[in-house]
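Engineer: Coordinates only, no sequence provided:
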């Protein structure tokens, strides 16, 4: 997706997040993150924005972190930190250097994409806390989010943050799970060295299949919706393993 498209989506998704946070009680629990209130959610997103802005400005990850004084979560905090983030993006090219956790991509463009996807998931959290309908996720944004979650959080993350998976990868079932949406598919295979994610032919090429439209598939991968949002077929034990692995990837 072009950078301009990411930035347009970021603006739209932030507006939805801001509206949801401002529409309810900040003390309301977030059902998809039950340890958080809406205020906690707003604080988390706000300081994620600030951290990425500083990672770009400084060229290294800011330390110590978080800052000594941390403001409580609110719409005002979101506004302040979002302005800092987008102001940092302005005047910089996507290929300019930025410190990131993804070693192969140390660029501003990485954070533009990542913060757009971060905002999507957390505005869904805020909308779920309101108890009403969740706004649709645009198809191109959802598709990109599926790709990011599988390749970066499951694939890359299972190698560099192996400890987050505990014993799940010690002796995993190494058969392939196919994840498919539209005319695109990925093969996902757990190994003791990490989770291998590759582009795949569409269709049922593994021993289990997860398929669906991009938006519900994205929310399912991030545990923001139930199994009824996608289509599951194939070996139940392999699907159970995939569930535990995606849960570990999204903690």
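Structural biologist: Nice, thanks for sending it over. Because the structure is predicted, anything quoted here is derived from the model rather than measured.
Engineer: Which residue, other than its chain neighbours, is closest to residue 80?
Structural biologist: Spatially, and ignoring its direct neighbours in sequence, residue 80 is nearest to residue 46 (7.3 Å; Cβ to Cβ, 6 or more residues apart in numbering). The C-beta positions use only the backbone N, C-alpha and C, and glycine is treated the same way.
Engineer: for the helix or strand that neighbour falls within, which positions count as buried?
Structural biologist: Residue 46 is part of helix 38-58 when elements are defined by DSSP states H and E. By neighbour count with 16 or more other Cβ atoms under 10 Å, helix 38-58 contains the buried residues 38-56.
Engineer: Quick check: mean pLDDT of that helix?
Structural biologist: For helix 38-58, mean pLDDT rounds to 98.
Engineer: Repeat that for stretch 8-26.
Structural biologist: Rounded mean pLDDT across stretch 8-26 is 98.
Engineer: same question, stretch 93-104
Structural biologist: Across stretch 93-104, the per-residue pLDDT values average to 98.
Engineer: Then stretch 213-224?
Structural biologist: 98.
Engineer: can you check stretch 69-82 too?
Structural biologist: 97.
Engineer: what is the orientation angle of the helix or strand following the helix holding residue 46 with helix 38-58?
Structural biologist: Once helix 38-58 ends, the next helix or strand along the chain (criterion: DSSP H and E) is helix 75-89. Relative orientation of helix 75-89 versus helix 38-58 (axes from the mean of the first three to the mean of the last three Cα atoms, to 10 degrees): 20 degrees.
Engineer: And the helices in this protein, which stretches?
Structural biologist: 3-23, 38-58, 75-89, 108-130, 139-148, 157-160, 214-221, 236-249 (DSSP state H).
Engineer: Any stretches of the stretch 151-251 of the chain with poor pLDDT?
Structural biologist: Across the stretch 151-251 of the chain, the ranges flagged by pLDDT under 70 are 202-205.
Engineer: Contacts only, for residue 122.
Structural biologist: 17, 41, 44-45 (Cβ atoms under 8 Å, 6 or more residues apart in numbering).
Engineer: Actually, residue 221.
Structural biologist: Residue 221 neighbours (Cβ under 8 Å, 6+ apart): 146, 149-150, 246, 250.
Engineer: Derive a ChimeraX selection command for the buried subset of the residues you listed.
Structural biologist: In ChimeraX syntax, the buried subset of the contacts of residue 221 is picked out as below (16+ other Cβ under 10 Å):
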select :146,149,150,246
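Engineer: Spell out the residue ranges of the strands in the stretch 151-251 of the chain.
Structural biologist: Using DSSP state E, counting those that start in this stretch, the strands of the stretch 151-251 of the chain run over 177-181, 184-191, 194-200, 208-211, 231-234.
Engineer: quick one, which of these is packed in tightest?
Structural biologist: Comparing those by mean neighbour count (mean count of other Cβ atoms under 10 Å), strand 177-181 comes out on top with a mean of 24.
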